[in-house]
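>>> One predicted model, sequence on top.
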Amino acid sequence: PLMAMPCQPGYSERMRHTLLLALTALFAGCTHYIEPIGGNTAKLRLVSLPGNTTEIRALENPRCIGKSGTLVAKLGLHVKDGANQGRSLQMPLHDPLPRAATSELNVRADQPIAMLFIAASGRGPKVADWSYPACNKAFTLIAKEGELYEAQFEQLQNDCQLNVFRISREKDGSYIRRLAGNAKPLKARCN
């Protein structure tokens, strides 16, 4: 066991320190988003269009773009077995989107969360002679308990855009997307 190493003969202090640093680095690089267990939650669908490789990372500070934390999802049409890729919580309005470019997760409600979409460049439409640029956008959201949200990231010819919607049920039983008033774009950089 790791805890027994300091007592075993042959291990120098430097060797134990080096091993501990290596293990810390190994596990730090493998951290993935862990959904909240218990407490107030909401559902959030992450969408990356047109399907270029996109990482979504949690931001440590929900007020500015700074150090990104855990990998929330890795999406894209050419991504195989990305983190939380294609995950479904049976949310409504799942339109005919490729599963490889979407992910549905439970998120903590009643407290700010922030995420950063980081998209790779990619070929434009088959009939176009341009490419999608690499770009990134971030948002913050204070989700309300039990509500449904969708963060839609889209790469365009010269830019990208990010919209966060609240999915709500109408009186007739149908569902509709409306811009979420409790979501804001993040543009400021942390000091």
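In hand now; what should we look at? This is a predicted model, so every value here is computed, not measured. Numbers count the residues shown, from 1 in each chain.

>>> Name the nearest residue to Arg177, sequence neighbours excluded.
Phe165 (4.0 Å; CB to CB, 6 or more residues apart in numbering). (Each C-beta comes from the backbone N, C-alpha and C, glycine too.)

>>> Glu55 too?
Counting by CB to CB, 6+ apart, the residue nearest Glu55 is Ile118, at 4.7 Å.

>>> these two touch, right, that neighbour and Leu59?
No. Ile118 lies out of contact with Leu59 (CB atoms under 8 Å); the separation is 11.3 Å.

>>> Neighbour count: the two, which is higher?
Here Ile118 and Leu59 are compared on neighbour count by other CB atoms under 10 Å; more neighbours surround Leu59, at 23 against 17.

>>> Spatially nearest residue to that one, not counting backbone neighbours?
Ala114 is the one closest to Leu59 (CB to CB, 6+ apart), at 3.9 Å.

>>> is it true that Lys171 lies in a helix?
No. Using DSSP: H, G, I helix; E, B strand; the rest coil, the assignment for Lys171 is coil, not a helix.

>>> Counting neighbours, what do you get for it?
5.

>>> Please list all residues in contact with Tyr175.
92-93, 167-169 (CB atoms under 8 Å, 6 or more residues apart in numbering).

>>> among those residues, who's most crowded?
Neighbour-wise, the contacts of Tyr175 (other CB under 10 Å) top out at Ile167, 19 neighbours.

>>> which residues does it form a beta bridge with?
Leu148, Arg177 (DSSP bridges).

>>> i'd like the first residue to be 57 from this point on
Got it, the first residue is 57 from now on, which makes the last one we talked about Ile223.

>>> Surely it touches Leu235?
No. Judged on CB under 8 Å, Ile223 makes no contact with Leu235 at a distance of 11.4 Å.

>>> Could I get the full set of helices for the chain?
69-84 (DSSP state H).

>>> Taking the centroid of it, which residue is nearest it?
Taking CA atoms, centre = their mean, the centroid of the chain lies closest to Ile112, which sits 3.0 Å from it.

>>> hang on, isn't that one packed against Phe173?
Yes. The criterion here is CB under 8 Å, and Ile112 meets it with Phe173 at 5.5 Å.

>>> can you pull the contacts of Asn192?
172-175, 216.

>>> Which of those lies at the shortest distance from Ala157?
Ala157 lies nearest to Ala175 out of the contacts of Asn192, by CB to CB, at 10.8 Å.

>>> Please determine how far the closest one is located from Asn214.
Ala175 is 14 Å from Asn214, where distance means CB to CB, to the nearest Å.

>>> can you list the weak-confidence ranges in the chain?
57-87 (pLDDT under 70).
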